[in-house]
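S.K.: From the sequence below, what's the structure:
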Amino acid sequence: MSLVATIVVVAFGLVLIAFTGVVFAKPAIAERFLRRFASSARTHYIEQVFRLLVGTALVVLSPAMWQPKMFWLVGWAIVVSSAALVCVPWQWHHRFGERVGPIFFRHLRLYAAGSFAFGSLLLYGVFAGGGAA
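M.R.: I've put the predicted structure just below:
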């Protein structure tokens, strides 16, 4: 189980870092990708399944990571928020995205920098903590 969790967390960290590259190289592609989130019931639930997978992997792997309490807490925050989003109608998530979208996309590079930082922190947490199996 720890190997699977390691693979999921490392893959997610790499995806966050790669996403940052896409935002700076081809922002229109990144924006088009993000606008699809919660655009239908299917995309909403697929997003939540991936979030639950990443959050669960963080919770499972956190004892072997650098700063285990921090990653345990982040993992549980992802799991709880994803479970809550599964329980609300997808249209609510979609409407929220439409409301905050203009602000979010205006500052997309700033959010991408945060994505890069979080992806890097995840990778550091795995490899500095000895979590890589």
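S.K.: Around residue 57, count how many other residues there are.
M.R.: 23 (other CB atoms under 10 Å). For the C-beta atoms, the positions are set from N, CA and C on the backbone; glycine is no exception.
S.K.: list the contacts for it?
M.R.: 4-6, 8-9, 12, 75 (CB atoms under 8 Å, 6 or more residues apart in numbering).
S.K.: State the distance from it to residue 2.
M.R.: As judged by CB to CB, to the nearest Å, residue 57 and residue 2 stand 10 Å apart.
S.K.: now swap in residue 82 and tell me
M.R.: For residue 82, the distance to residue 2 - CB to CB - is 21 Å.
S.K.: which residue sits closest to residue 124, ignoring its sequence neighbours?
M.R.: In space, and not counting its chain neighbours, residue 124 is closest to residue 66: 6.4 Å by CB to CB, 6 or more residues apart in numbering.
S.K.: Report the separation between that neighbour and residue 79.
M.R.: Taken as CB to CB, the span from residue 66 to residue 79 is 20 Å.
S.K.: on contacts alone, who are the packing partners of the biggest helix by length in the chain?
M.R.: Determined from DSSP state H, the single longest helix within the chain is helix 2-25. Judged by 3 or more CB pairs under 8 Å, 6 or more residues apart in numbering; DSSP states H and E, helix 2-25 is in contact with helix 27-35, helix 41-61, helix 108-128.
S.K.: buried sites along that helix?
M.R.: Neighbour counts over helix 2-25 (16 or more other CB atoms under 10 Å) mark 5-6, 8-10, 12-13, 16-17, 19-20, 23 as buried.
S.K.: mind giving me CSV with those and columns for pLDDT?
M.R.: Listed next are those as CSV, based on pLDDT from 0 to 100:
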residue, pLDDT
5, 97
6, 97
8, 98
9, 98
10, 98
12, 98
13, 98
16, 98
17, 98
19, 98
20, 98
23, 98
